[in-house]
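*Asks:* Give me the fold of what follows.
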Amino acid sequence: MSKLNIFFLLLFSFYYPLHAADSTTTATSSTPEATFIKAECRATRYPALCVQCLSNYTPPVQQSQRQLAQAALSVSLTRAQSAASFVSKLARIRGIKPMEYQAVKDCIQNMGDTVDQLSRAMKELGAMGRVAGQDFDWRVSNVQTWVSTALTNENTCMDGFRGSAMDGNVKVAIRRRVLDCAQVTSNALALVNRFASRHKAGDSLD
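*Replies:* Reported below is the predicted structural model:
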């Protein structure tokens, strides 16, 4: 019975569309907003994923770097919440190896911290508006720290499954979810950093 439970949960993981909820418009749109998103996403580590995730945010972000970073954080938070829920379900399934169970338990803590850090970053960035000077520096530094910490937590979760002794379906399923989450978080951090640097230089599109 436990093997069947693991099988169906992992089957759900592989067939659940990770990107379906993020892209309801085409990334090939030629609107000014879509062009803006493509240009900004070139600064990220995963530009194609960035465009795919943010393409349906074209009306709300307009051509605002802050709002685009806010949208990227929203995507990252949604992915983190989904990954945290999935990992929590794995911990309740009987039949996984003791080493896997401990790694899953550690990952639950990591992903819970990630959700908390991204939530705080979203709230702080959303409250910034047109703040300037030292207030801007302090607030954006908070956002950068929290998003960077969230990314570290995601990577720490995956590090817990290193080594051939951890190979198996549980590792594959968790890595798929958390790696996807880490990639969108990396993109969000890049967009936050881009907004911060251009704002300080005085040429931010806010």
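
*Asks:* can you map out the helices along the protein?
*Replies:* 2-15, 32-41, 47-54, 58-61, 65-91, 98-126, 133-159, 169-201 (DSSP state H).

*Asks:* low-confidence ranges in the protein?
*Replies:* For the chain, applying pLDDT under 70 flags the ranges 1-29, 201-206.

*Asks:* ok, Trp50 - contacts?
*Replies:* To be clear, residue 50 is Cys; Trp isn't right here. With contact taken as Cβ atoms under 8 Å, 6 or more residues apart in numbering, Cys50 is in contact with 37, 40-41, 44, 72, 184, 187, 191. In short, each C-beta sits where N, CA and C put it, glycine included.

*Asks:* how about a cut-off of 7 Å?
*Replies:* The contact partners of Cys50, taken as Cβ atoms under 7 Å, 6 or more residues apart in numbering, are 41, 44, 187.

*Asks:* The residues you listed, buried ones only, as a ChimeraX selection?
*Replies:* This is how ChimeraX selects the buried members of those, with burial counted by 16 or more other Cβ atoms under 10 Å:
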select :41,44,187
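
*Asks:* CSV for the contacts of Cys50, including distance to Pro60?
*Replies:* What follows is the contacts of Cys50, written out as CSV (distance: Cβ to Cβ, whole Å):
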residue, distance to Pro60
Cys41, 16
Thr44, 19
Asn187, 17
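
*Asks:* which among the contacts of Cys50 gets closest to Val87?
*Replies:* Closest approach between these and Val87, by Cβ to Cβ: Asn187, at 21.3 Å.

*Asks:* Would you check how far apart the closest residue to the closest one other than its chain neighbours and Phe136 are?
*Replies:* Nearest non-adjacent residue to Asn187, counting by Cβ to Cβ, 6 or more residues apart in numbering: Thr44, 4.1 Å away. Per Cβ to Cβ, to the nearest Å, Thr44 is found 22 Å from Phe136.

*Asks:* thought Val147 was touching Ala121?
*Replies:* Yes: taking contacts as Cβ atoms under 7 Å, Val147 lies within contact range of Ala121: 5.0 Å.

*Asks:* Centroid-nearest residue for this protein?
*Replies:* The centre of the chain sits closest to Ser76, judged by Cα atoms, centre = their mean, with a distance of 2.7 Å.

*Asks:* who's in contact with it?
*Replies:* Applying Cβ under 7 Å, 6+ apart to Ser76 gives the contacts 118, 184-185, 188.

*Asks:* Tell me which two of those residues sit farthest apart.
*Replies:* Pairwise distances across the contacts of Ser76 peak at 10.2 Å for Leu118 and Val184 (criterion: Cβ to Cβ).

*Asks:* that older thread, would you mind measuring from the residue nearest to Asn187 to Lys200?
*Replies:* Thr44 sits 19 Å away from Lys200 when distances are taken as Cβ to Cβ.

*Asks:* Same check on Ala39?
*Replies:* Distance of Ala39 to Lys200, given as Cβ to Cβ: 19 Å.

*Asks:* Okay then, goodbye and thanks.
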